[in-house]
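Undergrad: Give me the fold of what follows.
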Amino acid sequence: MNNMDLSKIQRLIGEDFDKVNSLIKRNLESEVEYLNTINSYLFHQKGKQIRPLLSLVTAKACGEINDLTICCAAVSEMVHTATLLHDDVADNSAVRRGAPTVHNKFSPASSILMGDFWLAKALSLLVKQKNTRILDFFTAAVEELTEGELFQMQKALKLDTTENDYLSIITRKTSSLFVATAGSSAYSAGADEITIEKMSRYAYNLGIAFQIRDDIFDYTPNYNTGKNTGSDIREKKITLPLIYAFKKANHKESDELLKIIKETKMVDDVLANKTIDFVNCNNGTVLAQETLSKYSQMAIDSLTGIKESMFKDELVEIAVYVGTRVI
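TA: Sure thing, here's the model as predicted:
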């Protein structure tokens, strides 16, 4: 599946997709000019919006889209954007999606405060729905996101991330919001508990696959992804391709590289490139791709028993896209 197919899904739910973006913009309007200026920049830089897309397609696979669904879709994107604004400061990221980050273009304080604003506005939108079940989905995700980020920081300090640690981090940092997005949307469309559980399981596996793919991009300089190659290792984040490479390489080689990374205060281009070469020479990205494909298939398998429809087919296509995307 390619980028154009994502556009096809957007066209399929186009009117509702427009409603989501209108709600986000309306909800974020402020009397503070500086805030509106930064928001205008953020709207201009928006990505594929895979979470609201997932939200709307899930609802259509379970029933019909309504105002509550539009709210869930908007909140999923707002919480995601809030976490990116915070992450860019935590990671000192200069570029995102090929453009300067708010942290870089405006200031670190602006990025943190904008993240707070988007998060507060997202939760405010949820509270207005007066629906505790929907609120539960997203507050649980926000808790998990924060814990995941801090657990990753803890592991970056010690450089002892195991495969289980890695899965725990990405379950919290990425999957949790996917689960909230799909689960809340299924609920909003009137799905029964079994269907909500199936959709949540689908989203869990999809989120894992999505993050593994993102981490593979970090070790594949030939892909033009808008992400700086080697940025994870510069932040001393040990992700799945490197974990697999450490397992595959001989102990001496692995220990030497780990020792250099540990003792280097700032990982420079030379060390980043050395690590990328190490990962690719030891099949780290190939092995990570195998695990990614497994989770992509598990996402598809989770949809067994969901009634057949073009929207269920689109959910399968999204999982295939995440399992194979190269941009």
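
Undergrad: What residues of the host helix or strand of Ile216 count as buried?
TA: Assigned by DSSP states H and E, Ile216 belongs to helix 193-217. Under the neighbour-count criterion of 16 or more other Cβ atoms under 10 Å, helix 193-217 has 195-196, 198-217 buried. (Glycine included, C-beta is placed from N, CA and C.)

Undergrad: list the helices and strands that helix packs on?
TA: The contact analysis (3 or more Cβ pairs under 8 Å, 6 or more residues apart in numbering; DSSP states H and E) places helix 193-217 against helix 50-62, helix 163-170, helix 176-188, helix 240-248, helix 284-301, helix 310-324.

Undergrad: ok and it relative to helix 310-324, angle-wise?
TA: 30 degrees (axes from the mean of the first three to the mean of the last three Cα atoms, to 10 degrees).

Undergrad: Compute the distance from the centre of helix 193-217 to the centre of its chain.
TA: 10 Å (Cα atoms, centre = their mean, to the nearest Å).

Undergrad: Mind giving me the packing neighbours of the next helix or strand after it?
TA: Sequence order places helix 231-234 as the next helix or strand after helix 193-217, per DSSP H and E. Here helix 231-234 touches helix 269-281, going by 3+ Cβ pairs under 8 Å, 6+ apart.

Undergrad: Any buried residues in the helix it packs on, and which?
TA: Residues Leu271, Ala272, Lys274, Thr275, Ile276, Phe278, Val279, Asn280 are the ones in helix 269-281 that count as buried (16+ other Cβ under 10 Å).

Undergrad: try stretch 288-297
TA: Buried positions in stretch 288-297, judged by neighbour count with 16+ other Cβ under 10 Å: Ala288, Gln289, Thr291, Leu292, Tyr295, Ser296.

Undergrad: before we move on, what about stretch 257-273?
TA: Buried, per 16+ other Cβ under 10 Å, within stretch 257-273: Leu257, Leu258, Ile261, Val267, Leu271, Ala272.

Undergrad: Tabulate the CA atom coordinates of it in PDB.
TA: Included here for stretch 257-273 are C-alpha records, laid out as PDB according to Å, rounded to 0.1, in the frame of the first residue of the first chain:
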ATOM      1  CA  LEU A 257      30.200  -0.500  20.500                       C
ATOM      2  CA  LEU A 258      28.000  -0.300  23.600                       C
ATOM      3  CA  LYS A 259      31.000   0.900  25.700                       C
ATOM      4  CA  ILE A 260      31.800   3.700  23.200                       C
ATOM      5  CA  ILE A 261      28.100   4.900  23.100                       C
ATOM      6  CA  LYS A 262      28.000   4.800  26.900                       C
ATOM      7  CA  GLU A 263      31.200   6.700  27.400                       C
ATOM      8  CA  THR A 264      30.500   9.300  24.700                       C
ATOM      9  CA  LYS A 265      28.700  12.400  26.100                       C
ATOM     10  CA  MET A 266      27.400  13.500  22.700                       C
ATOM     11  CA  VAL A 267      27.000  11.000  19.900                       C
ATOM     12  CA  ASP A 268      28.300  12.600  16.800                       C
ATOM     13  CA  ASP A 269      27.800  11.800  13.100                       C
ATOM     14  CA  VAL A 270      30.800   9.400  13.000                       C
ATOM     15  CA  LEU A 271      29.500   7.300  15.900                       C
ATOM     16  CA  ALA A 272      25.900   7.500  14.600                       C
ATOM     17  CA  ASN A 273      27.100   6.200  11.200                       C
END
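
Undergrad: Name the surrounding residues that touch it.
TA: For stretch 257-273, the external contacting residues (Cβ atoms under 8 Å, 6 or more residues apart in numbering) are Leu159, Thr229, Gly230, Ile233, Arg234, Lys236, Phe246, Lys274, Thr275, Phe278.

Undergrad: Give me the distance between the fifth one and Ala272.
TA: As defined by Cβ to Cβ, to the nearest Å, Arg234 lies at a distance of 6 Å from Ala272.

Undergrad: Likewise for the second one?
TA: In this structure, Thr229 lies at 8 Å from Ala272, with Cβ to Cβ as the measure.

Undergrad: what's the answer for the last one, then?
TA: Going from Phe278 to Ala272 by Cβ to Cβ gives 11 Å.

Undergrad: do Lys236 as well
TA: 11 Å.

Undergrad: what's the answer for Lys130, then?
TA: 49 Å.

Undergrad: how about the buried residues of stretch 257-273 in CSV, adding distance to Ser7 and pLDDT?
TA: Formatted as CSV, the buried residues of stretch 257-273 follow (distance: Cβ to Cβ, whole Å; pLDDT from 0 to 100):
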residue, distance to Ser7, pLDDT
Leu257, 41, 95
Leu258, 42, 93
Ile261, 40, 93
Val267, 37, 83
Leu271, 39, 92
Ala272, 34, 92
